[in-house]
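Trainee: using only what follows, build the 3D model:
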Amino acid sequence: MKKFNFSAGPSTLPEEVLQQASEAILDLNKSGLSLIEISHRSKDFIAIMDESRALVKKLMKLDDDHEVLFLQGGASLQFLMAPLNFLKKGSKAAYIDSGNFASASIKEAKKIGFIDVLASSKEANYTYIPKNYEIPLDVDYLHLTSNNTVYGTEMHDFPETSVPLVCDMSSDILSKELNFNKFALIYAGAQKNIGPAGVTLVIVNKTLLGKTGRDLPSYLDYQVHISKESMANTPPVFAIYTTLLNLKWLEKQGGVSAAAERNKIKADLLYGEVDRNPLFRGVCEKVDRSLMNVCFFLNDEEKLKEKFDKMWKDSNIVGIGGYRSVGGYRASIYNAMPLEGVQTLVNVMKELEKTA
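Mentor: Numbers count the residues shown, from 1 in each chain. Sure thing, here's the model as predicted:
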């Protein structure tokens, strides 16, 4: 029986996507060649790359100013590439510190230039999204992290400002409808909600590039990757192909708007049980709860943890252990997590209440 994988990433993918990807490993398009041994300059792979980029633009309703790139290095490399490409020499950028990955992006950006941290929720162990901060107009951009996988918080509203917005959307991209064109730069590691590990999705407004006065290394320059159509070096062919399959699956399921409806139903179901069941409690402020990563605690961990852990494991559930700095439990309910999986976890929580 297939297990319900609640891991925060690499995360669950639709079974049909895994099946199609596994077939391509053996034979891509009846070519007699494996996906992972064809040239990235071949007609077959160029078609995969072109279709993948076009489908991202379609699903996100991107305008002609925005380019879609498939790069490597995860969000971690983007922590550096963002300031290198958008922070002018002698200028400054603004950041919001809403979690450990936001904090990591700040640490890296400070190596490039002046960084103004406008607000932070660190003193409360990142249990809420900072709000009511003033955005100075003399910064080159404002950097946000839309979803915090470790702490289970999510930014449900984005500031209205004339300052260019840069956003790490690694764990909630394509999970809800947004005006993606309002962002100067969006980046997302694929392994949480898009596809397998190994590729990073980058959406960049090309009209804002080339204005920092920096002589950038080629690989760290978005303009180079745009000119080479994401193939300045050999791309991760398997990760991009599997991402394409997952994008096609998302489109077939009704696109981003339909995914948002399903995600809301799943989140409401699980948070409803966390709040109702006297054996559990949530981690973060309710208004900032993530629809992707549901974090919660047992109220009496010493008494019930061993029993609860056995129950969910026996129910073919995996990957709900909380992050080491938070503890407790974390159920990641990305686009590909079926409602059945969430209902199974809720049933286990109810059964624990009956037998505790």
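
Trainee: contacts for the helix or strand that contains S105?
Mentor: Secondary structure assigned from DSSP states H and E places S105 in helix 100-109. Under the contact criterion Cβ atoms under 8 Å, 6 or more residues apart in numbering, helix 100-109 has outside partners 75-76, 79-80, 82-83, 87, 93, 95-97, 115, 117, 122, 126, 143-145, 148-151, 168, 170, 325. To be clear about C-beta, it is placed using only N, CA and C from the backbone, and glycine gets the same treatment.

Trainee: pull out the buried members of those residues.
Mentor: The neighbour-count test (16 or more other Cβ atoms under 10 Å) marks 75, 79-80, 82-83, 87, 93, 95-97, 115, 117, 126, 143-145, 148-151, 168, 170 as buried among these.

Trainee: what secondary structure does the nearest residue to T212 once chain neighbours are set aside sit in?
Mentor: The shortest distance from T212 to any residue other than its chain neighbours is 4.8 Å, reached at K88 (Cβ to Cβ, 6 or more residues apart in numbering). Following DSSP: H, G, I helix; E, B strand; the rest coil, we place K88 in the coil state.

Trainee: returning to that earlier point: and the next element down the chain from the helix holding S105?
Mentor: Scanning forward in sequence from helix 100-109, with DSSP H and E defining helices and strands, the next element found is strand 114-120.

Trainee: partners of that next one, with directions?
Mentor: Strand 114-120 has the following sheet partners, assigned by DSSP bridges: strand 92-97 (parallel).

Trainee: return the set of buried residues in the helix or strand hosting L244.
Mentor: When elements are assigned from DSSP H and E, L244 belongs to helix 237-252. Residues of helix 237-252 classed as buried: 237-250 (neighbour count, 16+ other Cβ under 10 Å).

Trainee: Y151 contacts C284, doesn't it?
Mentor: Yes - under the criterion of Cβ atoms under 8 Å, Y151 makes contact with C284 at 5.9 Å.

Trainee: next, show the common contact partners of those two.
Mentor: When contacts are counted by Cβ under 8 Å, 6+ apart, the set common to Y151 and C284 consists of Y126, T127, C295.

Trainee: now the helix holding L244: mean pLDDT?
Mentor: The predicted model gives helix 237-252 an average pLDDT of 98.

Trainee: count of neighbours near K264?
Mentor: K264 has 13 neighbours, counted by other Cβ atoms under 10 Å.

Trainee: going forward, count from 6.
Mentor: Fine by me, first position is 6 from now on; the one you just mentioned is K269.

Trainee: quick one: it and I338, what's the gap?
Mentor: Relative to I338, K269 is positioned 11 Å away (criterion: Cβ to Cβ, to the nearest Å).

Trainee: now do the shared contacts for the two.
Mentor: When contacts are counted by Cβ under 8 Å, 6+ apart, K269 and I338 are jointly contacted by L296.
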